[in-house]
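Q: quick check, what structure comes out for this input:
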Amino acid sequence: MKEGSKAIDFSLKDQNGKTHKLSDYKGKPIVLYFYPKDDTPGCTMEACSFRDNYKDFKKKGAIVIGVSVDSEESHKKFAEKYKLPFILLADPEKKVVKKYGVWGEKSFMGKKYMGTTRATFIIDENFKIKKIFPKVSVVGHTKEVLKYI
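A: Numbers count the residues shown, from 1 in each chain. As a prediction, this is how the structure comes out:
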């Protein structure tokens, strides 16, 4: 995936069991953010930052969508616990994280494992990738994303 290329369409279920097709949101800016795991410190901080700035995204007509390999049930608990007003999509089969190139080997405290890299894709109204934030640092990220919408 690279900036300027067409976004890859997909369908996944959200925290309420509703199926969303990415192309259903064509015509609006889309913030598609990938994160490693529900209810972990960095992921919670990132989700809460999107929540706290959600009105600013709405003012710009943007759709915010979070994706992880966690289950619909896990997303539901996460969304309810932190009152997340946006869509969380479940990708337990890892189809979308692989298509978007955010699934791969990671390392933590000397141990290697497979996981999701924290990354954000801004998709414009024409379904083109406007901006990619690879390997996101959570602090200040939401404000940075808002500048590109």
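Q: any idea what the residue lying closest to residue 148 once chain neighbours are set aside is bridged to?
A: In this structure, residue 148 finds its nearest non-sequential neighbour in residue 131, 4.6 Å apart by Cβ to Cβ, 6 or more residues apart in numbering. From N, CA and C alone the C-beta is placed, and that goes for glycine too. Listed by DSSP bridges, the beta-bridge partners for residue 131 are residue 122.
Q: and residue 131, what does it touch?
A: 3, 121, 122, 148 (Cβ atoms under 8 Å, 6 or more residues apart in numbering).
Q: neighbours around residue 59, how many?
A: Residues lying near residue 59 (other Cβ atoms under 10 Å) number 10.
Q: and the gap between it and residue 4?
A: As defined by Cβ to Cβ, to the nearest Å, residue 59 lies at a distance of 26 Å from residue 4.
Q: ditto for residue 20
A: Distance from residue 20 to residue 4, by Cβ to Cβ: 24 Å.
Q: which helix or strand in this protein has the lowest average pLDDT?
A: Sorting the helices and strands of the chain by mean pLDDT, DSSP states H and E puts strand 103-108 at the bottom, at a mean of 88.
Q: what's the following helix or strand after that one?
A: Later in the chain than strand 103-108, the nearest helix or strand by DSSP states H and E is strand 111-116.
Q: who's in contact with residue 2?
A: 129, 132.
Q: for it, pull up the helix or strand it's in.
A: Short version: residue 2 belongs to no helix or strand, going by DSSP H and E.
Q: tell me the phi and psi of it?
A: Backbone torsions of residue 2, given as degrees, to the nearest 10, read phi -140, psi 160.
Q: can you check residue 79 too?
A: Here residue 79 shows phi and psi, under degrees, to the nearest 10, equal to phi -60, psi -40.
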